[in-house]
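Asks: heads up, no residue letters with this:
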C-alpha cells in the first residue's frame, strides 16, 4: 500500500511539474536562473530525485494496563506545562553563550552576564516557583535536551564554580540534581516519545 501511495504521489508531482514547465516554457527561456529537478543515475537509468521533509509515523497508543496509561498521561500533562519553559530558556541560554563567545573584554562579559542573569530571573523566577518538585526535576532534564549542557554547567559558565556548587547543594536537599542529563534512548525514552508527538501536533 505504501509503495502504491508513494508511486501515485511521485507520478502526480512529476506530471504537475511537467505541466507547469510546458505552460511557462517561453518565460523560462528568458530567465537567467533555472530550477532544475535533480536527476540520479541508477544502473544506467535516470531517475528524478526529490527531497522530502522529514515526517514521523506513530503507532497507535497502546497500554498494558491502567497504571501505565495513567503514568503516560501524567507525564504528558507535565511536559505540556514544562516543555515551553525549557525551549524558551534553552534559546535564551544559547544566545547568551553565543554572545559571550564573541566578547574579548572580561569586564564587558561580566556586565553582560549580570544583565542576562537579571533578565532570566525577571522572565522565569515567578513562573518556576509554581512548579512542583517533579516538574522542576523534569525541567532540569529538558534544559539539557535543548542546550546540550546540564544546568550545573550552564550556571558554572555564567556565574562561576562556587555558585554552581552552592545551587547544586541546595538542589540535592530537595532531591534534585543539576548535573542530571537527558537520556532519550534509555531512561527518558517515554519522555522523548511524548515530546516528539507534541512537536508534531500528534497529541
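Replies: Done, it's in. Computed from a predicted structure; not experimentally measured.

Asks: How is the chain partitioned into domains?
Replies: According to the domain assignment given by automatic domain parsing, the chain is divided into the following structural domains: 2-49, 66-199.

Asks: Can you lay out these as TSV showing mean pLDDT and distance to residue 58?
Replies: Yep, even glycine has a C-beta here, placed from its N, CA and C like the rest. Supplementary listing: these in TSV, determined by pLDDT from 0 to 100; distance: least, C-beta to C-beta, whole Å:
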stretch	mean pLDDT	distance to residue 58
domain 2-49	52	15
domain 66-199	87	6
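
Asks: what's the helix or strand containing residue 116 in contact with?
Replies: Assessed by DSSP states H and E, residue 116 sits inside helix 106-128. For helix 106-128, the external contacting residues (C-beta atoms under 8 Å, 6 or more residues apart in numbering) are 85, 88-89, 92, 96, 99-100, 103, 136, 139, 158-159.

Asks: Of the residues you listed, just the buried ones, ChimeraX syntax please.
Replies: Buried members of those, identified by 16 or more other C-beta atoms under 10 Å, are gathered into one ChimeraX selection as follows:
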select :85,89,92,96,136,139,158
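
Asks: Next, give me the two most distant ones among the contacts of helix 106-128.
Replies: Between all members of the contacts of helix 106-128, the longest pairwise span (C-beta to C-beta) is found for 103 and 136 and amounts to 31.3 Å.

Asks: coming back round to it: output the contacts of helix 106-128 in CSV; the columns should cover secondary structure and distance to residue 197.
Replies: As requested, the contacts of helix 106-128 are exported to CSV (DSSP: H, G, I helix; E, B strand; the rest coil; distance: C-beta to C-beta, whole Å):
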residue, secondary structure, distance to residue 197
85, helix, 19
88, helix, 20
89, helix, 22
92, helix, 25
96, helix, 30
99, helix, 34
100, helix, 35
103, coil, 40
136, helix, 23
139, helix, 19
158, helix, 33
159, helix, 35
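
Asks: hang on, the earlier thing: what's the most buried one of the domains of the chain?
Replies: Mean neighbour count (mean count of other C-beta atoms under 10 Å) peaks for domain 66-199 among the domains of the chain, with a mean of 15.

Asks: how long is that one end to end?
Replies: Domain 66-199 has its terminal residues 25 Å apart, counting by C-alpha to C-alpha, to the nearest Å.

Asks: Next: stretch 144-160.
Replies: According to C-alpha to C-alpha, stretch 144-160 extends 18 Å from its N-terminal end residue to its C-terminal end residue.

Asks: which residues touch that stretch?
Replies: For stretch 144-160, the surrounding residues in contact (C-beta under 8 Å, 6+ apart) are 86-87, 89-91, 93-94, 96-97, 113, 116-117, 140, 143, 163-164, 167-168, 178-182, 184, 195.

Asks: what secondary structure does residue 47 sit in?
Replies: strand (DSSP: H, G, I helix; E, B strand; the rest coil).

Asks: For it, list each beta-bridge partner.
Replies: residue 40 (DSSP bridges).
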